[in-house]
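**Student:** Whatever this is, show me its structure:
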Amino acid sequence: MKIKNFFDKIILALAATIIFYFAIILYSDYSSIDEKNITFDFQYIPIIIILMIVHTLVSSFKFHRLLQQLNKPISFKKSIKIFLGGLSLALTPGGLGTAIKSVLLKKQFNYSISSTFPIILIERWTELIAITIIISVLMMWSNFLTSQIILIFGILFVAVFGILISKSKTFTSIKKIILKINFLKKLYSSIDESETSFKILMKKKNLFEIISISLSTKFIHLITVYLIFQSAGIGIEFFDSGQIYYTSLLIGNLSFLPAGVIVTESGMIAMLVNNGIDFSLASLAVIFMRFIGTWIPAIAGTITYKFGFSLK
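**Tutor:** Model (predicted):
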């Protein structure tokens, strides 16, 4: 599929999201917020922006370390640039559009796509592992039934995916399927290269390091989410805010919709309302949160990709 087609689908996802947000705004009664004399506290914005920058840098470092584990070293500055470029296609099902990073690595450093594509899958997988760990830990303080149910599905998905990529039989089966499809036969030899990369990245020491970095990025985001709630005047406990956010985010990830749009927002708003937060206030906070945490990074990634790389 051409890169242009990816961007076309992102535009459709963006349009659908805008319509959804607009519908929420029309449905919401923001006069109730005025009546309660609730105002947005902008003093949190600088801290939120700093935390998002730190989050991006740590995530870029994770990508950098994955490359080093595969003995494909590049400068950290280049890693940041390529990581940001990958965010241009983050608004794709499962975030798999970020595989554009493998294309960028091929163009910039001639690293084969088949050897670096496993990095993108390990990135996404370890993020889900970190989310399930955080939800599990937060249950010690805020145990929501919704979180329990979603956590079970999250753990099952993480476990099944981990088993599949760690078994040689998986790659053998893929090769057998490829041999039966003429236009895919040229990919046959690349499967062995991908399997080798997976085996390296799945080593206990390497995996522990990447999961640890993933946990640190999620903790940074946890603080950011809490501050966004506070800035919107939502007096919710720190642990509750994290549980609501990551449960909704996990729902969105498992839906495999682009960036989990609509599903993530709906889940978060519903959980906030169930915890006594006014619908209008909850929807306002969630839209702002998604704008800061999802759409701004995607826009920054698109700008980086557009002006930082020349791919034909």
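**Student:** least trustworthy helix or strand in the protein by mean pLDDT?
**Tutor:** Across the helices and strands of the chain, mean confidence by mean pLDDT, DSSP states H and E is lowest for helix 31-35: a mean of 53.
**Student:** Check whether residue 117 really touches residue 103, as I assumed.
**Tutor:** No - using Cβ atoms under 8 Å as the test, residue 117 is too far from residue 103 to be in contact (9.6 Å). All C-beta atoms are positioned from the backbone trio N, CA, C, and that covers glycine.
**Student:** mean confidence score for stretch 172-179?
**Tutor:** Here stretch 172-179 scores 84 as its mean pLDDT.
**Student:** can you check stretch 136-150 too?
**Tutor:** On average, stretch 136-150 scores 90.
**Student:** first to last residue in that stretch, what's the distance?
**Tutor:** Taking Cα to Cα, to the nearest Å, the first and last residues of stretch 136-150 lie 11 Å apart.
**Student:** Please determine how far residue 256 is located from residue 80.
**Tutor:** According to Cβ to Cβ, to the nearest Å, residue 256 stands 28 Å off from residue 80.
**Student:** Could you check which of those two has the larger neighbour count?
**Tutor:** With neighbours defined as other Cβ atoms under 10 Å, residue 256 and residue 80 compare such that residue 80 has more, 18 against 13.
**Student:** quick one, helices of the stretch 201-312 of the chain?
**Tutor:** For the stretch 201-312 of the chain, applying DSSP state H, counting those that start in this stretch gives helices covering 204-231, 238-255, 263-274, 279-290, 296-308.
**Student:** and those as JSON lines, adding distance to residue 175, mean neighbour count and mean pLDDT?
**Tutor:** Below are the helices of the stretch 201-312 of the chain laid out as JSON lines (distance: least, Cβ to Cβ, whole Å; neighbours: other Cβ atoms under 10 Å; pLDDT from 0 to 100):
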{"stretch": "helix 204-231", "distance to residue 175": "24", "mean neighbour count": "18", "mean pLDDT": "95"}
{"stretch": "helix 238-255", "distance to residue 175": "28", "mean neighbour count": "23", "mean pLDDT": "92"}
{"stretch": "helix 263-274", "distance to residue 175": "35", "mean neighbour count": "20", "mean pLDDT": "89"}
{"stretch": "helix 279-290", "distance to residue 175": "40", "mean neighbour count": "22", "mean pLDDT": "85"}
{"stretch": "helix 296-308", "distance to residue 175": "32", "mean neighbour count": "16", "mean pLDDT": "83"}
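**Student:** need the contact list for residue 88.
**Tutor:** Residues in contact with residue 88 (Cβ atoms under 8 Å, 6 or more residues apart in numbering) are 7, 100, 298, 301, 302, 304, 305, 306.
**Student:** Show me which pair in those is furthest apart.
**Tutor:** 7 and 304 (14.0 Å; Cβ to Cβ).
**Student:** I figured residue 269 was touching residue 280, is that so?
**Tutor:** No - between residue 269 and residue 280 there is no contact under Cβ under 8 Å: 10.1 Å.
**Student:** Distance to residue 140 added to the helices of the stretch 201-312 of the chain, as TSV?
**Tutor:** Formatted as TSV, these follow (distance: least, Cβ to Cβ, whole Å):
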stretch	distance to residue 140
helix 204-231	14
helix 238-255	8
helix 263-274	18
helix 279-290	24
helix 296-308	30
